[in-house]
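Engineer: Please work out how this folds:
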Amino acid sequence: MSKLKLDFLDHVALYVEDIEASAKWYEKVLGLKKYKLEKWGEYPVFMLSGKTGLALFPADLNLEKFPINRKSIRIDHFAFNVTNANFKIAQKKYDALGLDYTIQDHYYFHSIYTKDLDGHTVELTTLMIDEDSFYQQ
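Structural biologist: Predicted coordinates:
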């Protein structure tokens, strides 16, 4: 049997309160391009950079909110990989946009974290060591 090999992360699906506002945020902050797929109707709205991106779906705001103390399974964050140069560009852009963010040194990677309009944690991560030694086949 052949070994399965993944090529890239295609997309992450997010439920958002306002699709248009979220699409504009991801375009402004990360430079993602909006793709409207006519055969699918109004949603999802795809926001892409190359072959990787997000699918935005409308959140059902009529659902009862989870109590704060209830344990729930959810996505913690999602990350896009960027070059070291683009990592520095992101910091300057986030500063110019007045975004709150944190930077963490994970030794192998440096990461910058911010939150989108719906509170999803968005990470940009950049490799700090030799790529070939980290991504061993």
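Engineer: Just give me the longest helix of this structure.
Structural biologist: Longest helix in the chain, counting residues (DSSP state H): helix 84-97.
Engineer: Which residues are in contact with N86?
Structural biologist: L124, T126 (CB atoms under 8 Å, 6 or more residues apart in numbering). To be clear about C-beta, it is placed using only N, CA and C from the backbone, and glycine gets the same treatment.
Engineer: Let me know the pLDDT of it.
Structural biologist: Note for N86: predicted pLDDT of 93.
Engineer: residue ranges of the strands in the chain, please?
Structural biologist: Along the chain, counting by DSSP state E, strands occupy 11-16, 33-35, 45-49, 52-58, 78-81, 102-105, 109-115, 121-127.
Engineer: List the residues that contact N62.
Structural biologist: Residues in contact with N62 (CB under 8 Å, 6+ apart): none are found.
Engineer: Quick check: it vs T52, distance?
Structural biologist: 32 Å (CB to CB, to the nearest Å).
Engineer: Enumerate the beta-bridge partners assigned to T114.
Structural biologist: Counting by DSSP bridges, T114 is bridged to V122.
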